[in-house]
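Participant: Please work out how this folds:
(chains A and B)
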Protein chains: 2
Amino acid sequence: MLLDAGNLRAMAIGCSILGAGGGGDTSVGLLASLQAVEEFGPVRVVDLDELDDDALVMPCGGIGAPLIWIEKIDRGDEIPRIIPIVERIHGKPVAALMSAEIGGSNGLSPVVWCARSGRPLVDADGMGRAFPEVPQVTMEVAGVSPNPAVMTDERGNVIIFDGIDGHWMERMERAAAVEFGGQAYSSEYQMTVAQAKTATARGTVSLAIRIGEAVLAAPRDPVASLVETLGATVLIEGKIVDVERRITGGFVRGSAAIEGLGPQAGRILRLEIQNENLIALEDGEVRASVPDIITVCDTQTATAIHTERLRYGQRVTVIAFACDPIWRTPAGLELAGPRAFGYDLDYVPVEAIWRGGTSAPA
Amino acid sequence: MLLDAGNLRAMAIGCSILGAGGGGDTSVGLLASLQAVEEFGPVRVVDLDELDDDALVMPCGGIGAPLIWIEKIDRGDEIPRIIPIVERIHGKPVAALMSAEIGGSNGLSPVVWCARSGRPLVDADGMGRAFPEVPQVTMEVAGVSPNPAVMTDERGNVIIFDGIDGHWMERMERAAAVEFGGQAYSSEYQMTVAQAKTATARGTVSLAIRIGEAVLAAPRDPVASLVETLGATVLIEGKIVDVERRITGGFVRGSAAIEGLGPQAGRILRLEIQNENLIALEDGEVRASVPDIITVCDTQTATAIHTERLRYGQRVTVIAFACDPIWRTPAGLELAGPRAFGYDLDYVPVEAIWRGGTSAPA
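Facilitator: As a prediction, this is how the structure comes out:
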């Protein structure tokens, strides 16, 4: 499969839906990737099965505040600049790049870096969604080392971290990103193809495109098409009646309330937010929770509305769908389950909560 | 020359005097270095002329807040741990370590690292005194690259910085040191012996020992012995009558006033402080200024009193003496002259101000 002007728009829609309200606005990433494929040619998407088992896969992404990135965009040569450094450290060529995070802008940006460096993009990523912290990746769950991490900025500064665990990597890279002006670029958890086969969320680039194509192919009822493609549950269809949002500890935290409309009148769904939509509550009961993906969509267009863009009065449909299976393992839930975000509740898969279908929980 | 229990006490006194009021308390560094030479044997001090011109010299030191280091001391293996990393990057062995900063605790700590790693210590350093910031070293003036910088902490975390200029190195290392708990260890500006011959303050380890020995050898009038050894100027002998000190932007800033005693009664000398003693003023006139070294000594013992220990009522003798000649070049003054610290005044060498001797300025 090739990524070009024909499918990048669909991919952007899909990355946005997979972002669970986070991962950053995809509009800048779409413009940058469209320009990159025009200038350098289309980007080849490869399945891990097409690569040699001992070939090197390099995950990559932006780190920092997505809001800053909208104004302080990258030059495009940041990640290409660190490829030879990663190759020198590992002593072999980087066979393909991979999105560390398919959700939001970080799902799209690697298209630019692949186009510029002539590398293919792996049809997989490190989350299958968006998460706020560096070690919240499937590779960490699978026991892949985050070292060496290579970080850079638009000025050409390079930092290499080594001997650092995931928790410290988050602290150090966050501090460096702040010094670099709130946004930087990095690669962690480089691995062989053999490792990547079990340590990544696979097929997520294709999935993002499929999601976007489903939305674009059904202009009359894109939400229904989206729900069917994802096997998603509709948590509520209604109107945003309350948004509370504050920035603490470098994260957007808050909540939003959605009141049902039409046949769902009288219902109120509340979303708990920390960058992403983490928990959906109704009458004090959990209707869906992290690591499953909760996305707020515009009811008319099925466009994902990022948490920083939620506003009173928006007509929205809130959907939830299953995360990558790796997140449902004990190690996955320890890293990214409700308790990892400070909620004292047990995770129940969204399908188990909504056994009865999409109109009411079981 | 060998460093052992016989001369380390003298060296500690000298490092403290050379610190210009900064560089951190030497008492912990002295205890650590005494223990290290007892455990691993004495440390050889080598002149650059004794080494091959293309051998690698590795400057090293602590970075962070000296006050924190007094409680959160190093394990001792931090710098030894990064030696093989520096060797791998440069592709040759580290022939000798060098204090990045002879002033204060950073002048002594390399003794521990040399003892543990079996490396000799170069009889030179990167300042000839103490300065607060990473790039305020003679190597920066001489055009040596700070890259790669290798930083570590007591946990074994390692960071390598590359492609970063001196200004950014200061920002990034400072941010990382803060994340590491306020104190870390690093090496920048590695160079060949040939480079080091013109890019360092030479002979400063011997000088520190000579200073300490002069003080210890004259228990009845150690200040006079110190002044003679250094060719220093006595700015005032008196009593501290005012200390103003505040912590802003990560630095100790403030001022201290010293009132003359005995034949100097009626005089008031004011010191401007930013970690180190930077400017000495009397009646609005500059009596000495950075990069020359201004040190406040206890009048009875000639012990240097660090800026964070200045207190009302202390009987002190304030001395000033010439910095390493490299700081008096235009590039040196740009990096560490009065204007580099925000004082809008031209530098005049202390000997030029005090042509008439030590009793009154010319």
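Participant: Can you check the pLDDT for the residue lying closest to A:L345 once chain neighbours are set aside?
Facilitator: In space, and not counting its chain neighbours, A:L345 is closest to A:P338: 5.0 Å by Cβ to Cβ, 6 or more residues apart in numbering or on different chains. For glycine as for every other residue, the C-beta is placed from the backbone atoms N, C-alpha and C. Predicted confidence (pLDDT) for A:P338: 97.
Participant: For chain A, which residues score under the pLDDT cut-off?
Facilitator: Scanning chain A for pLDDT under 70 picks out the ranges A:249-250, A:356-362.
Participant: Secondary structure class of A:P84, three-state.
Facilitator: Per DSSP: H, G, I helix; E, B strand; the rest coil, the secondary structure class of A:P84 is helix.
Participant: Looking at the stretch 1-150 of chain A, what residue ends up closest to chain B?
Facilitator: With Cβ to the nearest Cβ, the shortest gap between the stretch 1-150 of chain A and chain B falls at A:I85, namely 7.8 Å.
Participant: Let me see the contact set for that residue.
Facilitator: Listed by Cβ atoms under 8 Å, 6 or more residues apart in numbering or on different chains, the contact set of A:I85 reads A:150, A:158, A:160, B:162.
Participant: Nearest residue to the middle of chain A?
Facilitator: Nearest to the geometric centre of chain A sits A:G103, at 2.0 Å (Cα atoms, centre = their mean).
Participant: Against which helices or strands is the longest strand along chain A packed?
Facilitator: Assignment by DSSP state E gives strand A:233-248 as the longest strand of chain A. Where contact means 3 or more Cβ pairs under 8 Å, 6 or more residues apart in numbering or on different chains; DSSP states H and E, strand A:233-248 is packed against helix A:222-230, strand A:251-260, strand A:268-274, strand A:276-282, strand A:285-289, strand A:315-321.
Participant: and if we set it to 7 Å?
Facilitator: Using 3 or more Cβ pairs under 7 Å, 6 or more residues apart in numbering or on different chains; DSSP states H and E as the contact test, the elements touching strand A:233-248 are strand A:251-260, strand A:315-321.
Participant: Quick check: which of those strands is buried the most?
Facilitator: Each of the helices and strands packed on strand A:233-248 was assessed for mean neighbour count using mean count of other Cβ atoms under 10 Å in any protein chain shown. The highest is strand A:315-321, with a mean of 23.
Participant: Look up phi and psi at A:S186.
Facilitator: Main-chain dihedrals, A:S186, degrees, to the nearest 10: phi -150, psi 160.
Participant: Enumerate the positions of stretch A:7-25 that are buried.
Facilitator: For stretch A:7-25, the neighbour count (16 or more other Cβ atoms under 10 Å in any protein chain shown) marks A:7-25 as buried.
Participant: Looking at the residues you listed, which are in helices?
Facilitator: A:8-18 (DSSP state H).
Participant: Please list which of the residues you listed also come close to chain B.
Facilitator: Restricting these to those touching chain B (Cβ under 7 Å from any Cβ of the partner chain) yields no residues.
Participant: can you put those in a markdown table and add distance to B:V43?
Facilitator: Formatted as a markdown table, those follow (distance: Cβ to Cβ, whole Å):
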| residue | distance to B:V43 |
| --- | --- |
| A:L8 | 62 |
| A:R9 | 66 |
| A:A10 | 66 |
| A:M11 | 61 |
| A:A12 | 61 |
| A:I13 | 65 |
| A:G14 | 62 |
| A:C15 | 58 |
| A:S16 | 61 |
| A:I17 | 63 |
| A:L18 | 58 |
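Participant: mind checking which of the helices and strands packed on strand A:233-248 is nearest chain B?
Facilitator: Of all the helices and strands packed on strand A:233-248, it is strand A:251-260 that lies closest to chain B, at 17.1 Å by Cβ to the nearest Cβ.
Participant: residues contacting A:A100?
Facilitator: Applying Cβ atoms under 7 Å, 6 or more residues apart in numbering or on different chains to A:A100 gives the contacts A:59-61, A:106, A:125-126, A:137.
Participant: Tell me how many other residues crowd the closest residue in space to it that isn't next to it in sequence.
Facilitator: Computed as Cβ to Cβ, 6+ apart, the closest residue to A:A100 that is not its neighbour in sequence is A:G61, at 3.8 Å. A:G61 has 29 neighbouring residues, counting by other Cβ atoms under 10 Å in any protein chain shown.
Participant: try A:E38
Facilitator: 12.
Participant: Name the nearest residue to it, sequence neighbours excluded.
Facilitator: A:A5 (7.1 Å).
Participant: Now do the same contact list for the nearest residue to A:R245 once chain neighbours are set aside.
Facilitator: Nearest-residue entry for A:R245: A:G254, 3.7 Å, with adjacent residues in sequence omitted and distances by Cβ to Cβ, 6+ apart. Applying Cβ under 7 Å, 6+ apart to A:G254 gives the contacts A:243-246, A:273.
Participant: could you pull out the strands for the stretch 101-250 of chain A?
Facilitator: A:121-125, A:149-152, A:158-162, A:183-187, A:191-192, A:201-202, A:233-248 (DSSP state E, counting those that start in this stretch).
Participant: Now tabulate those in CSV and tack on mean neighbour count.
Facilitator: Below are the strands of the stretch 101-250 of chain A laid out as CSV (neighbours: other Cβ atoms under 10 Å in any protein chain shown):
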stretch, mean neighbour count
strand A:121-125, 27
strand A:149-152, 26
strand A:158-162, 23
strand A:183-187, 25
strand A:191-192, 20
strand A:201-202, 22
strand A:233-248, 17
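Participant: wait, which of the ones you listed is closest to B:T329?
Facilitator: Closest approach to B:T329 among those is made by strand A:158-162 (30.1 Å; Cβ to Cβ).
Participant: close to chain B, is that closest one?
Facilitator: Yes. Using Cβ under 7 Å from any Cβ, strand A:158-162 reaches chain B at A:158-162.
Participant: Tell me how far A:R202 lies from A:S225.
Facilitator: 23 Å (Cβ to Cβ, to the nearest Å).
Participant: again, but for A:L345
Facilitator: Using Cβ to Cβ, A:L345 is found at 32 Å from A:S225.
Participant: Look at those two and report which has more neighbours.
Facilitator: Comparing A:L345 with A:S225 by neighbour count (other Cβ under 10 Å), the higher total belongs to A:S225, at 19 against 12.
Participant: contacting residues around A:A36?
Facilitator: A:76, A:111-112, A:115-116.
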